[in-house]
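S.K.: Got a predicted structure plus its sequence, pasted below:
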Amino acid sequence: MANGSGCRRSRRARIAAAGVAAGAMAAAALTPGPGTPAARADVLDMILDPLMSAVAAATTDPTAAADSSTATVVTEINNAIQGWITSAVGEKIDGIINVPFVDLFGRDLIGNGVNDFTGANTSLLGSSGIFGNLGDGGFLAGNGGVGATGTAATNGVGGVGGSAGLIGNGGIGGAGVDGGHGGAGGNAELIGNGGDGGAGSQGAIGGLGGAGGSLLGGPGANGPGTTPPGAVPLRVDNSDPLSSSSLSDEPVVNVSIGGGRGVPVLVDTGSAGLMVPVSDIGLAHTGFPTGFGVVEFAGGESVVYLKVPTTIDFGNGTGTEPIIDDAPIFSFPFPFSFLPGPGSGIDGIVGVGPGALGPADSPATAVLPGELSDGVLIDEPQGLLQFGPNPLPERVAVEGSPLVEHAAIQVNDGPIQPITDAMARYPAIAIDSGGKMGIFPSSLVPVTLEPGTRISIYVDNAPGGEPTLLYSYIPNAETGSPLSVPDSTLKSLYDFPNTGNAPFAEQPIYISNSPSGIGQTIFDSLPE
(Lines give C-alpha, C1' and ligand atoms only; values in the text may rest on other atoms or scores of the structure.)
Protein backbone atom coordinates (compact mmCIF):
# COMPACT_ATOMS: atom_id res chain seq x y z
CA MET A 1 0.00 0.00 0.00
CA ALA A 2 1.37 3.41 -0.98
CA ASN A 3 0.72 6.22 1.44
CA GLY A 4 2.22 9.17 3.30
CA SER A 5 5.71 10.26 2.30
CA GLY A 6 6.42 7.02 0.48
CA CYS A 7 5.01 3.76 -0.73
CA ARG A 8 3.62 2.01 2.32
CA ARG A 9 1.77 -1.27 1.83
CA SER A 10 1.28 -4.53 3.61
CA ARG A 11 4.22 -6.64 2.64
CA ARG A 12 6.28 -9.16 4.56
CA ALA A 13 9.79 -10.35 3.87
CA ARG A 14 9.73 -13.61 1.99
CA ILE A 15 10.86 -16.79 3.64
CA ALA A 16 13.22 -19.14 1.85
CA ALA A 17 11.54 -21.38 -0.68
CA ALA A 18 10.31 -24.58 0.90
CA GLY A 19 11.94 -26.59 -1.85
CA VAL A 20 15.35 -25.17 -1.01
CA ALA A 21 14.90 -25.94 2.67
CA ALA A 22 13.74 -29.47 2.03
CA GLY A 23 16.54 -30.01 -0.45
CA ALA A 24 19.10 -28.76 2.05
CA MET A 25 17.74 -31.09 4.71
CA ALA A 26 17.94 -33.95 2.26
CA ALA A 27 21.53 -33.17 1.34
CA ALA A 28 22.54 -32.95 4.99
CA ALA A 29 20.80 -36.20 5.81
CA LEU A 30 22.37 -38.05 2.88
CA THR A 31 25.91 -36.64 3.10
CA PRO A 32 28.26 -39.37 4.40
CA GLY A 33 30.34 -38.43 7.42
CA PRO A 34 33.32 -40.07 9.12
CA GLY A 35 32.73 -43.73 9.62
CA THR A 36 29.82 -43.88 7.20
CA PRO A 37 29.63 -47.34 5.63
CA ALA A 38 30.92 -47.47 2.07
CA ALA A 39 27.62 -48.90 0.90
CA ARG A 40 25.77 -45.79 2.08
CA ALA A 41 28.28 -43.56 0.30
CA ASP A 42 27.87 -45.62 -2.86
CA VAL A 43 24.09 -45.15 -2.75
CA LEU A 44 24.55 -41.42 -2.25
CA ASP A 45 26.89 -41.30 -5.23
CA MET A 46 24.34 -43.16 -7.34
CA ILE A 47 21.68 -40.60 -6.41
CA LEU A 48 23.61 -37.35 -6.73
CA ASP A 49 26.36 -38.07 -9.26
CA PRO A 50 24.01 -38.32 -12.28
CA LEU A 51 22.38 -35.01 -11.31
CA MET A 52 25.68 -33.20 -10.82
CA SER A 53 27.21 -34.78 -13.91
CA ALA A 54 24.22 -33.68 -15.97
CA VAL A 55 24.67 -30.06 -14.91
CA ALA A 56 28.44 -30.17 -15.43
CA ALA A 57 28.20 -31.82 -18.85
CA ALA A 58 25.53 -29.43 -20.09
CA THR A 59 27.31 -26.28 -18.93
CA THR A 60 30.64 -27.36 -20.49
CA ASP A 61 29.17 -28.70 -23.74
CA PRO A 62 30.86 -26.67 -26.54
CA THR A 63 27.70 -26.84 -28.63
CA ALA A 64 25.66 -25.33 -25.82
CA ALA A 65 28.35 -22.77 -25.08
CA ALA A 66 28.29 -21.61 -28.69
CA ASP A 67 24.58 -20.82 -28.42
CA SER A 68 24.00 -17.12 -27.83
CA SER A 69 21.18 -17.91 -25.41
CA THR A 70 20.85 -20.18 -22.41
CA ALA A 71 18.11 -22.24 -24.03
CA THR A 72 20.44 -25.01 -25.18
CA VAL A 73 22.13 -25.25 -21.78
CA VAL A 74 18.78 -25.54 -20.01
CA THR A 75 17.61 -28.17 -22.50
CA GLU A 76 20.79 -30.23 -22.11
CA ILE A 77 20.56 -30.13 -18.33
CA ASN A 78 16.90 -31.11 -18.32
CA ASN A 79 17.46 -33.92 -20.84
CA ALA A 80 20.23 -35.36 -18.67
CA ILE A 81 18.11 -35.13 -15.53
CA GLN A 82 15.18 -36.78 -17.29
CA GLY A 83 17.53 -39.49 -18.54
CA TRP A 84 18.31 -40.37 -14.93
CA ILE A 85 14.72 -40.09 -13.65
CA THR A 86 13.33 -42.36 -16.38
CA SER A 87 16.18 -44.89 -16.34
CA ALA A 88 15.66 -48.29 -14.74
CA VAL A 89 18.26 -47.57 -12.07
CA GLY A 90 16.94 -44.08 -11.43
CA GLU A 91 13.36 -45.28 -11.08
CA LYS A 92 14.41 -47.94 -8.58
CA ILE A 93 16.60 -45.71 -6.41
CA ASP A 94 14.32 -42.66 -6.57
CA GLY A 95 11.37 -44.87 -5.69
CA ILE A 96 13.10 -45.83 -2.44
CA ILE A 97 14.32 -42.39 -1.36
CA ASN A 98 11.08 -40.63 -2.28
CA VAL A 99 8.93 -42.62 0.15
CA PRO A 100 9.81 -40.68 3.34
CA PHE A 101 9.58 -37.35 1.52
CA VAL A 102 6.11 -38.13 0.20
CA ASP A 103 5.00 -39.30 3.65
CA LEU A 104 6.38 -36.19 5.34
CA PHE A 105 5.97 -33.43 2.72
CA GLY A 106 3.63 -34.92 0.10
CA ARG A 107 6.19 -34.48 -2.67
CA ASP A 108 9.10 -36.42 -4.19
CA LEU A 109 12.74 -35.54 -3.65
CA ILE A 110 13.66 -36.51 -7.23
CA GLY A 111 10.96 -37.20 -9.79
CA ASN A 112 8.41 -35.69 -12.15
CA GLY A 113 5.06 -34.38 -10.98
CA VAL A 114 1.90 -36.37 -11.57
CA ASN A 115 -0.08 -35.22 -14.61
CA ASP A 116 -3.70 -34.10 -14.09
CA PHE A 117 -3.26 -34.14 -10.31
CA THR A 118 -6.23 -32.64 -8.45
CA GLY A 119 -5.88 -34.28 -5.06
CA ALA A 120 -5.01 -32.74 -1.72
CA ASN A 121 -1.68 -32.99 0.09
CA THR A 122 -2.54 -35.33 2.96
CA SER A 123 1.02 -35.87 4.17
CA LEU A 124 2.13 -35.16 7.73
CA LEU A 125 3.10 -31.56 6.92
CA GLY A 126 0.97 -31.17 3.81
CA SER A 127 -1.77 -29.12 5.42
CA SER A 128 0.69 -26.23 5.80
CA GLY A 129 0.38 -25.66 2.05
CA ILE A 130 4.03 -24.64 1.64
CA PHE A 131 5.46 -27.85 0.18
CA GLY A 132 3.34 -28.20 -2.95
CA ASN A 133 1.90 -31.59 -3.86
CA LEU A 134 2.38 -34.64 -6.07
CA GLY A 135 1.68 -32.53 -9.16
CA ASP A 136 4.95 -30.68 -8.57
CA GLY A 137 8.40 -31.91 -9.54
CA GLY A 138 10.69 -33.31 -6.83
CA PHE A 139 12.32 -30.85 -4.44
CA LEU A 140 15.77 -31.36 -5.96
CA ALA A 141 14.91 -32.25 -9.55
CA GLY A 142 11.95 -33.02 -11.75
CA ASN A 143 9.44 -31.45 -14.14
CA GLY A 144 6.04 -30.29 -12.98
CA GLY A 145 3.04 -32.34 -14.06
CA VAL A 146 0.54 -31.20 -16.69
CA GLY A 147 -2.40 -29.30 -15.18
CA ALA A 148 -5.79 -30.97 -15.16
CA THR A 149 -8.31 -30.29 -17.91
CA GLY A 150 -11.16 -28.06 -16.80
CA THR A 151 -14.34 -29.60 -15.42
CA ALA A 152 -17.79 -28.41 -14.38
CA ALA A 153 -16.48 -28.11 -10.82
CA THR A 154 -13.86 -25.57 -11.98
CA ASN A 155 -16.26 -23.73 -14.32
CA GLY A 156 -14.28 -25.15 -17.22
CA VAL A 157 -11.02 -23.50 -16.15
CA GLY A 158 -7.89 -25.58 -16.73
CA GLY A 159 -5.67 -26.50 -13.80
CA VAL A 160 -2.32 -24.84 -13.12
CA GLY A 161 0.72 -26.80 -14.27
CA GLY A 162 2.90 -28.24 -11.53
CA SER A 163 5.93 -26.32 -10.28
CA ALA A 164 9.36 -27.72 -11.08
CA GLY A 165 12.01 -28.81 -8.61
CA LEU A 166 15.22 -26.84 -8.21
CA ILE A 167 16.20 -28.27 -11.61
CA GLY A 168 13.38 -28.92 -14.06
CA ASN A 169 10.67 -27.35 -16.21
CA GLY A 170 7.27 -26.19 -15.06
CA GLY A 171 4.28 -28.24 -16.17
CA ILE A 172 1.98 -27.22 -19.01
CA GLY A 173 -1.29 -25.65 -17.88
CA GLY A 174 -4.48 -27.65 -18.26
CA ALA A 175 -6.84 -26.96 -21.15
CA GLY A 176 -10.04 -25.03 -20.57
CA VAL A 177 -13.42 -26.46 -21.61
CA ASP A 178 -16.95 -25.10 -22.02
CA GLY A 179 -15.89 -21.45 -22.03
CA GLY A 180 -13.15 -21.82 -19.41
CA HIS A 181 -9.73 -20.26 -19.83
CA GLY A 182 -6.54 -22.30 -19.94
CA GLY A 183 -4.59 -22.96 -16.77
CA ALA A 184 -1.33 -21.13 -16.10
CA GLY A 185 1.93 -22.92 -16.77
CA GLY A 186 3.95 -24.09 -13.78
CA ASN A 187 6.94 -22.10 -12.54
CA ALA A 188 10.55 -23.23 -12.76
CA GLU A 189 12.71 -22.64 -9.70
CA LEU A 190 16.50 -22.46 -10.18
CA ILE A 191 17.32 -24.00 -13.59
CA GLY A 192 14.54 -24.68 -16.08
CA ASN A 193 11.85 -23.18 -18.26
CA GLY A 194 8.39 -22.17 -17.19
CA GLY A 195 5.56 -24.35 -18.45
CA ASP A 196 3.42 -23.17 -21.36
CA GLY A 197 -0.05 -21.94 -20.54
CA GLY A 198 -2.97 -24.23 -21.28
CA ALA A 199 -5.25 -23.69 -24.26
CA GLY A 200 -8.43 -21.75 -23.68
CA SER A 201 -11.71 -23.20 -24.89
CA GLN A 202 -13.59 -21.54 -27.72
CA GLY A 203 -13.93 -17.83 -26.98
CA ALA A 204 -11.71 -17.99 -23.87
CA ILE A 205 -8.19 -16.81 -23.19
CA GLY A 206 -5.18 -19.11 -22.96
CA GLY A 207 -3.26 -19.55 -19.72
CA LEU A 208 -0.25 -17.43 -18.74
CA GLY A 209 3.16 -19.03 -19.26
CA GLY A 210 5.02 -19.99 -16.10
CA ALA A 211 8.09 -18.14 -14.80
CA GLY A 212 11.55 -19.32 -15.85
CA GLY A 213 14.30 -20.38 -13.47
CA SER A 214 15.99 -17.66 -11.44
CA LEU A 215 19.48 -18.82 -12.56
CA LEU A 216 18.86 -20.25 -16.04
CA GLY A 217 15.69 -20.55 -18.06
CA GLY A 218 12.92 -18.60 -19.73
CA PRO A 219 9.18 -18.16 -19.22
CA GLY A 220 6.67 -20.47 -20.83
CA ALA A 221 4.57 -19.32 -23.76
CA ASN A 222 1.03 -18.11 -23.20
CA GLY A 223 -1.54 -20.71 -24.16
CA PRO A 224 -3.58 -20.37 -27.35
CA GLY A 225 -7.02 -18.86 -27.06
CA THR A 226 -9.22 -15.92 -27.93
CA THR A 227 -7.65 -12.83 -26.39
CA PRO A 228 -9.72 -9.62 -26.36
CA PRO A 229 -7.97 -6.50 -27.72
CA GLY A 230 -5.68 -4.97 -25.11
CA ALA A 231 -5.88 -8.03 -22.86
CA VAL A 232 -3.16 -10.38 -21.64
CA PRO A 233 -3.29 -13.61 -19.63
CA LEU A 234 -3.14 -13.33 -15.85
CA ARG A 235 -2.54 -15.95 -13.19
CA VAL A 236 -2.92 -15.95 -9.44
CA ASP A 237 0.30 -16.78 -7.64
CA ASN A 238 1.11 -17.75 -4.08
CA SER A 239 4.82 -17.17 -3.69
CA ASP A 240 5.60 -16.30 -0.10
CA PRO A 241 3.64 -18.58 2.22
CA LEU A 242 4.13 -17.52 5.82
CA SER A 243 1.99 -20.09 7.58
CA SER A 244 -1.09 -22.21 7.04
CA SER A 245 -3.22 -19.32 8.32
CA SER A 246 -1.87 -16.70 5.90
CA LEU A 247 -1.85 -18.30 2.49
CA SER A 248 -3.25 -16.10 -0.26
CA ASP A 249 -2.99 -15.43 -3.96
CA GLU A 250 -1.96 -12.35 -5.94
CA PRO A 251 -2.45 -11.44 -9.62
CA VAL A 252 0.63 -11.85 -11.84
CA VAL A 253 1.33 -11.07 -15.52
CA ASN A 254 4.42 -11.32 -17.72
CA VAL A 255 5.97 -8.09 -19.04
CA SER A 256 9.02 -7.23 -21.13
CA ILE A 257 11.16 -4.44 -19.69
CA GLY A 258 13.62 -2.67 -22.01
CA GLY A 259 13.02 -5.22 -24.76
CA GLY A 260 14.19 -8.06 -22.51
CA ARG A 261 12.69 -11.46 -21.79
CA GLY A 262 9.26 -11.67 -20.24
CA VAL A 263 9.32 -11.54 -16.45
CA PRO A 264 6.48 -12.16 -13.97
CA VAL A 265 5.33 -9.09 -12.04
CA LEU A 266 2.68 -8.50 -9.40
CA VAL A 267 -0.26 -6.36 -10.56
CA ASP A 268 -0.56 -4.09 -7.54
CA THR A 269 -3.36 -1.59 -6.97
CA GLY A 270 -1.60 -0.48 -3.77
CA SER A 271 1.33 1.20 -5.53
CA ALA A 272 2.14 3.20 -8.66
CA GLY A 273 4.83 2.71 -11.29
CA LEU A 274 7.29 -0.08 -12.06
CA MET A 275 9.77 -1.77 -9.72
CA VAL A 276 11.84 -4.67 -11.07
CA PRO A 277 15.53 -5.51 -10.51
CA VAL A 278 18.12 -4.42 -13.07
CA SER A 279 18.76 -8.08 -13.90
CA ASP A 280 15.32 -8.18 -15.56
CA ILE A 281 15.84 -5.11 -17.76
CA GLY A 282 16.82 -5.62 -21.39
CA LEU A 283 19.39 -3.37 -23.02
CA ALA A 284 17.52 -2.63 -26.24
CA HIS A 285 15.55 0.35 -24.89
CA THR A 286 17.31 1.29 -21.65
CA GLY A 287 19.26 4.40 -20.68
CA PHE A 288 21.57 5.37 -17.83
CA PRO A 289 20.06 5.88 -14.36
CA THR A 290 18.85 9.42 -13.78
CA GLY A 291 18.71 9.38 -9.99
CA PHE A 292 17.80 7.31 -6.98
CA GLY A 293 15.17 7.22 -4.26
CA VAL A 294 14.05 5.50 -1.09
CA VAL A 295 10.60 4.02 -0.60
CA GLU A 296 9.13 2.69 2.64
CA PHE A 297 6.80 -0.30 2.77
CA ALA A 298 4.36 -0.98 5.56
CA GLY A 299 5.95 -2.68 8.52
CA GLY A 300 9.18 -0.69 8.29
CA GLU A 301 10.85 -2.16 5.19
CA SER A 302 12.73 0.48 3.18
CA VAL A 303 14.02 -0.03 -0.36
CA VAL A 304 16.73 2.04 -2.07
CA TYR A 305 16.29 2.15 -5.86
CA LEU A 306 17.77 3.58 -9.06
CA LYS A 307 15.54 5.48 -11.50
CA VAL A 308 16.22 3.76 -14.83
CA PRO A 309 14.61 5.05 -18.07
CA THR A 310 13.41 2.07 -20.07
CA THR A 311 10.28 0.67 -21.75
CA ILE A 312 7.43 -1.66 -20.81
CA ASP A 313 5.50 -4.03 -23.07
CA PHE A 314 2.59 -6.12 -21.75
CA GLY A 315 2.11 -7.80 -25.15
CA ASN A 316 -0.94 -8.23 -27.42
CA GLY A 317 -0.57 -4.89 -29.13
CA THR A 318 -0.30 -2.77 -26.00
CA GLY A 319 2.89 -1.23 -27.39
CA THR A 320 6.43 -0.70 -26.17
CA GLU A 321 6.10 2.46 -24.10
CA PRO A 322 8.66 4.60 -22.21
CA ILE A 323 8.61 4.27 -18.42
CA ILE A 324 10.89 4.79 -15.43
CA ASP A 325 11.82 1.60 -13.59
CA ASP A 326 12.52 2.13 -9.91
CA ALA A 327 15.06 -0.70 -9.83
CA PRO A 328 15.78 -1.86 -6.26
CA ILE A 329 19.43 -1.91 -5.16
CA PHE A 330 19.06 -3.02 -1.55
CA SER A 331 16.59 -2.87 1.29
CA PHE A 332 16.57 -2.88 5.07
CA PRO A 333 15.91 -4.40 7.50
CA PHE A 334 14.50 -7.13 5.22
CA PRO A 335 15.59 -8.29 1.74
CA PHE A 336 13.52 -6.82 -1.08
CA SER A 337 10.64 -9.24 -1.54
CA PHE A 338 10.97 -9.49 -5.32
CA LEU A 339 14.68 -10.03 -5.90
CA PRO A 340 14.91 -13.17 -8.07
CA GLY A 341 15.13 -16.32 -6.00
CA PRO A 342 14.32 -20.00 -6.31
CA GLY A 343 10.62 -20.52 -6.72
CA SER A 344 9.73 -16.88 -6.07
CA GLY A 345 7.28 -16.79 -8.99
CA ILE A 346 7.31 -12.96 -8.97
CA ASP A 347 10.21 -10.72 -10.02
CA GLY A 348 8.77 -7.27 -9.40
CA ILE A 349 5.80 -4.94 -9.13
CA VAL A 350 3.74 -3.08 -11.70
CA GLY A 351 1.74 -0.53 -9.72
CA VAL A 352 -1.65 0.41 -11.20
CA GLY A 353 -3.17 2.46 -8.36
CA PRO A 354 -3.88 6.01 -9.64
CA GLY A 355 -4.18 7.34 -6.08
CA ALA A 356 -1.14 5.54 -4.69
CA LEU A 357 1.73 7.76 -3.58
CA GLY A 358 4.71 5.74 -4.65
CA PRO A 359 7.15 4.89 -5.74
CA ALA A 360 6.13 6.70 -8.99
CA ASP A 361 3.83 9.68 -9.41
CA SER A 362 1.34 7.87 -11.65
CA PRO A 363 0.24 4.30 -12.38
CA ALA A 364 2.12 2.21 -14.92
CA THR A 365 -1.02 2.07 -17.06
CA ALA A 366 -0.82 5.84 -17.66
CA VAL A 367 2.03 5.35 -20.16
CA LEU A 368 -0.04 3.18 -22.52
CA PRO A 369 -1.20 4.67 -25.83
CA GLY A 370 -4.66 6.08 -26.52
CA GLU A 371 -7.62 4.72 -24.63
CA LEU A 372 -5.52 1.84 -23.28
CA SER A 373 -4.43 4.34 -20.62
CA ASP A 374 -8.02 4.79 -19.37
CA GLY A 375 -7.59 2.06 -16.79
CA VAL A 376 -7.28 -1.68 -16.33
CA LEU A 377 -9.62 -4.59 -15.60
CA ILE A 378 -8.21 -7.14 -13.15
CA ASP A 379 -10.28 -10.23 -13.90
CA GLU A 380 -8.94 -13.11 -11.83
CA PRO A 381 -12.00 -15.35 -12.39
CA GLN A 382 -11.41 -15.27 -16.17
CA GLY A 383 -7.61 -15.16 -15.97
CA LEU A 384 -7.03 -11.89 -17.81
CA LEU A 385 -5.79 -8.33 -17.43
CA GLN A 386 -7.48 -5.96 -19.89
CA PHE A 387 -6.37 -2.37 -20.58
CA GLY A 388 -8.63 0.42 -21.84
CA PRO A 389 -12.25 1.34 -21.05
CA ASN A 390 -14.22 -0.89 -18.70
CA PRO A 391 -15.51 -3.78 -20.88
CA LEU A 392 -17.93 -5.27 -18.31
CA PRO A 393 -21.23 -4.23 -16.69
CA GLU A 394 -20.66 -2.01 -13.66
CA ARG A 395 -22.13 -3.22 -10.36
CA VAL A 396 -20.93 -0.53 -7.97
CA ALA A 397 -18.35 2.25 -8.35
CA VAL A 398 -16.53 4.11 -5.58
CA GLU A 399 -14.09 6.99 -5.79
CA GLY A 400 -10.46 6.25 -5.05
CA SER A 401 -7.86 3.58 -5.80
CA PRO A 402 -6.44 2.15 -3.68
CA LEU A 403 -7.94 4.22 -0.83
CA VAL A 404 -11.73 4.24 -0.50
CA GLU A 405 -13.18 6.54 2.16
CA HIS A 406 -16.24 6.09 4.41
CA ALA A 407 -15.67 2.33 4.58
CA ALA A 408 -17.19 -0.02 7.14
CA ILE A 409 -16.74 -3.65 8.15
CA GLN A 410 -19.24 -6.33 9.17
CA VAL A 411 -18.47 -9.77 10.63
CA ASN A 412 -21.18 -12.37 9.98
CA ASP A 413 -24.56 -10.76 10.79
CA GLY A 414 -23.13 -8.33 13.33
CA PRO A 415 -23.35 -4.55 13.16
CA ILE A 416 -21.83 -2.63 10.26
CA GLN A 417 -19.05 -0.68 11.98
CA PRO A 418 -17.21 2.24 10.37
CA ILE A 419 -13.44 2.59 10.11
CA THR A 420 -12.44 5.50 12.37
CA ASP A 421 -9.50 7.81 13.00
CA ALA A 422 -8.46 5.57 15.89
CA MET A 423 -7.51 2.75 13.51
CA ALA A 424 -6.42 4.63 10.37
CA ARG A 425 -4.80 7.91 9.36
CA TYR A 426 -8.28 8.86 8.20
CA PRO A 427 -11.44 6.76 7.72
CA ALA A 428 -10.54 4.75 4.63
CA ILE A 429 -9.61 1.25 3.53
CA ALA A 430 -7.05 0.20 0.92
CA ILE A 431 -8.44 -2.10 -1.78
CA ASP A 432 -5.07 -3.62 -2.52
CA SER A 433 -4.53 -6.53 -4.92
CA GLY A 434 -0.96 -6.80 -3.64
CA GLY A 435 -1.90 -6.78 0.04
CA LYS A 436 -1.85 -10.57 0.37
CA MET A 437 -4.41 -11.77 2.94
CA GLY A 438 -5.25 -8.26 4.19
CA ILE A 439 -5.11 -6.62 7.61
CA PHE A 440 -7.96 -5.38 9.80
CA PRO A 441 -8.37 -3.68 13.21
CA SER A 442 -8.93 -6.14 16.04
CA SER A 443 -11.73 -3.96 17.40
CA LEU A 444 -13.78 -4.87 14.32
CA VAL A 445 -12.43 -8.28 13.24
CA PRO A 446 -11.53 -11.00 15.78
CA VAL A 447 -7.88 -12.05 15.94
CA THR A 448 -8.94 -15.69 15.59
CA LEU A 449 -11.69 -16.37 13.07
CA GLU A 450 -13.95 -19.36 13.48
CA PRO A 451 -14.31 -21.53 10.34
CA GLY A 452 -17.05 -20.17 8.11
CA THR A 453 -16.78 -16.59 9.39
CA ARG A 454 -17.96 -14.10 6.78
CA ILE A 455 -16.37 -10.66 6.38
CA SER A 456 -18.24 -7.94 4.47
CA ILE A 457 -16.93 -4.55 3.38
CA TYR A 458 -19.31 -1.62 2.89
CA VAL A 459 -19.02 2.01 1.86
CA ASP A 460 -21.28 4.80 3.10
CA ASN A 461 -20.93 7.76 0.75
CA ALA A 462 -24.24 9.22 1.90
CA PRO A 463 -24.20 9.53 5.71
CA GLY A 464 -27.58 8.65 7.12
CA GLY A 465 -28.41 6.42 4.17
CA GLU A 466 -28.03 2.70 3.70
CA PRO A 467 -24.40 1.50 3.35
CA THR A 468 -23.53 -0.09 0.00
CA LEU A 469 -22.03 -3.58 0.00
CA LEU A 470 -18.76 -3.73 -1.95
CA TYR A 471 -17.97 -7.41 -1.43
CA SER A 472 -18.34 -10.23 1.06
CA TYR A 473 -16.26 -13.37 1.53
CA ILE A 474 -15.45 -16.30 3.77
CA PRO A 475 -11.65 -16.61 4.16
CA ASN A 476 -10.26 -19.74 2.50
CA ALA A 477 -7.02 -21.10 1.06
CA GLU A 478 -7.15 -18.65 -1.87
CA THR A 479 -7.83 -15.47 0.09
CA GLY A 480 -5.96 -16.43 3.24
CA SER A 481 -7.11 -15.51 6.72
CA PRO A 482 -6.60 -11.78 7.29
CA LEU A 483 -4.31 -10.45 9.98
CA SER A 484 -6.09 -8.71 12.83
CA VAL A 485 -3.98 -6.32 14.91
CA PRO A 486 -4.63 -3.73 17.61
CA ASP A 487 -6.03 -0.49 16.25
CA SER A 488 -3.04 1.61 17.32
CA THR A 489 -0.60 -0.85 15.73
CA LEU A 490 -2.51 -0.82 12.46
CA LYS A 491 -2.52 2.97 12.34
CA SER A 492 1.17 3.39 13.22
CA LEU A 493 2.64 0.60 11.06
CA TYR A 494 0.18 0.16 8.19
CA ASP A 495 -1.70 3.51 8.06
CA PHE A 496 -4.96 1.92 6.84
CA PRO A 497 -6.88 -1.36 6.96
CA ASN A 498 -6.15 -3.39 3.83
CA THR A 499 -8.46 -5.77 1.98
CA GLY A 500 -5.67 -7.83 0.44
CA ASN A 501 -6.48 -9.72 -2.73
CA ALA A 502 -9.79 -11.13 -1.42
CA PRO A 503 -12.15 -8.79 -3.36
CA PHE A 504 -10.35 -9.61 -6.62
CA ALA A 505 -10.52 -13.38 -6.18
CA GLU A 506 -14.20 -13.88 -7.03
CA GLN A 507 -15.14 -10.88 -9.17
CA PRO A 508 -13.63 -8.64 -11.85
CA ILE A 509 -12.60 -5.19 -10.63
CA TYR A 510 -11.85 -2.27 -12.93
CA ILE A 511 -9.38 0.42 -11.86
CA SER A 512 -10.13 3.71 -13.63
CA ASN A 513 -7.40 6.34 -13.93
CA SER A 514 -10.02 9.09 -13.80
CA PRO A 515 -10.18 11.41 -11.96
CA SER A 516 -6.43 11.95 -12.25
CA GLY A 517 -4.48 11.28 -9.08
CA ILE A 518 -7.51 9.71 -7.39
CA GLY A 519 -9.08 7.12 -9.67
CA GLN A 520 -12.09 4.87 -9.19
CA THR A 521 -12.53 1.29 -8.03
CA ILE A 522 -15.38 -0.31 -9.97
CA PHE A 523 -16.80 -3.69 -8.98
CA ASP A 524 -18.05 -5.37 -12.16
CA SER A 525 -20.36 -8.26 -12.90
CA LEU A 526 -19.09 -11.31 -14.76
CA PRO A 527 -20.43 -11.64 -18.32
CA GLU A 528 -23.30 -14.09 -18.65
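M.R.: Arrived safely, thanks for sending. Numbers count the residues shown, from 1 in each chain.

S.K.: How confident is the prediction for Ile15, by pLDDT?
M.R.: With respect to pLDDT, Ile15 has a value of 26.

S.K.: Tell me where the chain has helices.
M.R.: For the chain, applying DSSP state H gives helices covering 18-30, 38-60, 62-66, 71-85, 88-105, 487-489, 502-505.

S.K.: Now do the buried residues in the last one.
M.R.: Of the residues in helix 502-505, those with enough neighbours to count as buried (16 or more other C-beta atoms under 10 Å) are 502-505. In short, each C-beta sits where N, CA and C put it, glycine included.

S.K.: Return the member of the residues you listed nearest to Leu283.
M.R.: Comparing the buried residues of helix 502-505 against Leu283 with C-beta to C-beta places Phe504 closest, at 34.3 Å.

S.K.: Quickly note the distance from the closest residue to Ser443 other than its chain neighbours to Glu189.
M.R.: Leaving aside its sequence neighbours, Ser443 sits nearest to Asp487 (C-beta to C-beta, 6 or more residues apart in numbering; 5.3 Å). Asp487 sits at a distance of 40 Å from Glu189 (criterion: C-beta to C-beta, to the nearest Å).

S.K.: ok, the two, which is more surrounded?
M.R.: Of the pair Asp487 and Glu189, Glu189 is the one with more neighbours under other C-beta atoms under 10 Å, namely 32 against 19.

S.K.: pretty sure Asp196 is touching Gly218, no?
M.R.: No. Asp196 is beyond contact range of Gly218, at 11.2 Å (criterion: C-beta atoms under 8 Å).

S.K.: Overlap of the contact sets of the two?
M.R.: Counting by C-beta atoms under 8 Å, 6 or more residues apart in numbering, no residue touches both Asp196 and Gly218.

S.K.: Looking at those two, which has the bigger crowd around it?
M.R.: Ranked by neighbour count (other C-beta under 10 Å), Asp196 and Gly218 place Asp196 first, with 27 against 20.

S.K.: give the contact list for that one.
M.R.: By C-beta under 8 Å, 6+ apart, the neighbours of Asp196 are 161, 172-173, 185, 207, 209-210, 220-223.

S.K.: From Gly158, how far out is it?
M.R.: For Asp196 relative to Gly158 (C-beta to C-beta), the value is 12 Å.

S.K.: any shared contact partners between these two?
M.R.: With C-beta under 8 Å, 6+ apart as the test, Asp196 and Gly158 both reach 173, 207.

S.K.: Tell me where the model's unsure across the stretch 101-250 of the chain.
M.R.: The stretch 101-250 of the chain contains residues with pLDDT under 70 at 128, 238-248.

S.K.: And the strands in it?
M.R.: In the stretch 101-250 of the chain, the strands defined using DSSP state E, counting those that start in this stretch lie at 231-233, 235-237, 250-257.

S.K.: which residue sits closest to Asn155, ignoring its sequence neighbours?
M.R.: Here the residue nearest Asn155, using C-beta to C-beta, 6+ apart, is Gly180, at 5.8 Å.

S.K.: from what I can see that neighbour touches Ala152, true?
M.R.: No. Applying C-beta under 8 Å as the test, Gly180 and Ala152 come out as separate, 9.6 Å apart.

S.K.: Compare the two (neighbour count), which wins?
M.R.: More crowded of Gly180 and Ala152, by other C-beta under 10 Å: Gly180, with 25 against 9.

S.K.: Make CSV out of the buried residues of helix 502-505 and add distance to Pro467.
M.R.: Formatted as CSV, those follow (distance: C-beta to C-beta, whole Å):
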residue, distance to Pro467
Ala502, 18
Pro503, 16
Phe504, 21
Ala505, 22
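
S.K.: What is the nearest of those to Gly258?
M.R.: Phe504 (28.4 Å).

S.K.: ok, now which ones touch that closest one?
M.R.: Phe504 makes contact with 251, 378, 380, 433 under the criterion C-beta under 8 Å, 6+ apart.
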